[in-house]
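[1] predicted coordinates and the sequence they were generated for:
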Amino acid sequence: MSLALAKELFAREMCVIEDVDFQKALFVPQTGAGPTLQTTINSQDSSFSISSRQKKADTEWNVHATGRLLSLPDNRTSRKTNLDELARSLPEEVSKEKCYEAFNARGLQFGESFQGIERG
């Protein structure tokens, strides 16, 4: 959602998302009506928030994520990364299982549906 907002704000400019803070998980039911989502941006400091509420009658929004969107200067150019060179520069390969164990140790739990890391 924040990337869609950045695209809307900065059109074709390159941008970066900073200081992302995931405050609360957003659960979407497999059937039935899902929550109403809202993305807001503060034009003064480019901070954004992503919120939801379960029913339209609810007056309180639950904040799920916050962060900042910044455009990059025009003189910045993107460059392609050679993935083979990058792989050779890394000291060791980490298995999928070890990676998710490290995430878990840092308080990031990914359910089975969100474990998309695989060797390419």
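    Nice, I can see it.
[2] wait, Met14 touches Arg79, no?
    No: counting by C-beta atoms under 8 Å, Met14 sits too far from Arg79 to count as a contact (11.8 Å). C-betas here are computed from N, CA, C, even on glycine.
[3] which of those two has more neighbours?
    Neighbours were tallied for Met14 and for Arg79 using other C-beta atoms under 10 Å; the higher tally belongs to Met14 (14 against 6).
[4] okay, now the residue found closest to the more buried one once you drop the neighbours it is linked to in the chain: neighbour count?
    Excluding the flanking residues, the one nearest Met14 by C-beta to C-beta, 6 or more residues apart in numbering is Leu72, at 4.3 Å. The local packing count at Leu72 equals 13, with neighbours defined by other C-beta under 10 Å.
[5] list the buried residues of stretch 38-55.
    By neighbour count on 16 or more other C-beta atoms under 10 Å, the buried set for stretch 38-55 is Ile41, Ser46, Phe48, Ser49, Ile50, Ser51, Ser52.
[6] closest one to Gly32 out of these, please.
    Within these, proximity to Gly32 (C-beta to C-beta) peaks at Ser52, which comes in at 14.8 Å.
[7] whatever helix or strand that closest one lives in pairs with which strands, and in what direction?
    Using DSSP states H and E, the element containing Ser52 is strand 47-53. Strands flanking strand 47-53 in the sheet, each with its direction: strand 36-42 (antiparallel), strand 62-71 (antiparallel) (DSSP bridges).
[8] so what's the gap between the shortest one and the chain middle?
    Spelled out, that is strand 36-42. Centre-to-centre, strand 36-42 and its host chain are 14 Å apart (C-alpha atoms, centre = their mean, to the nearest Å).
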